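Engineer: have a look at this prediction, sequence included:
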Amino acid sequence: METVVEEPAIASLVAALEQAAQSAKQLPNTTHPSQIHQIYSTLHSAHHHLSSFLSQSA
């Protein structure tokens with residue numbers, strides 16, 4: 001049985017992962033609490049997108 005995942009879901013996942021990767025690269029040079037919170041939010045969003053994607057394709 002093949003599971004079909006919609007293209008918008010894949011595009012959204014890819015965009016979230018790319019943004020998370022960019023944010024992760026900024027971590028070593030970030031000290032301001034609001035920047036750290038923004039990076040955390042970006043990583044959390046990517047985690048949510050990935051979890052949703054995996055649950056749809058299971």
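Structural biologist: The structure has been received and is ready for your questions.

Engineer: spatially central residue for this structure, please.
Structural biologist: Most central in the chain under C-alpha atoms, centre = their mean is Ala46, positioned 1.6 Å from the mean C-alpha point.

Engineer: what is the helix or strand hosting that one packed up against?
Structural biologist: When elements are assigned from DSSP states H and E, Ala46 belongs to helix 33-57. Helix 33-57 makes packing contacts with helix 7-26 when contacts are defined by 3 or more C-beta pairs under 8 Å, 6 or more residues apart in numbering; DSSP states H and E. Using the backbone N, CA and C atoms, a C-beta is placed for each residue, glycine as well.

Engineer: so for stretch 37-52, what gets flagged as buried?
Structural biologist: Ile39, Thr42, Leu43, Ser45, Ala46, His49 (16 or more other C-beta atoms under 10 Å).

Engineer: ok, Thr30 touching Ile39?
Structural biologist: Yes - with contact defined as C-beta atoms under 8 Å, Thr30 reaches Ile39; the gap is 6.5 Å.
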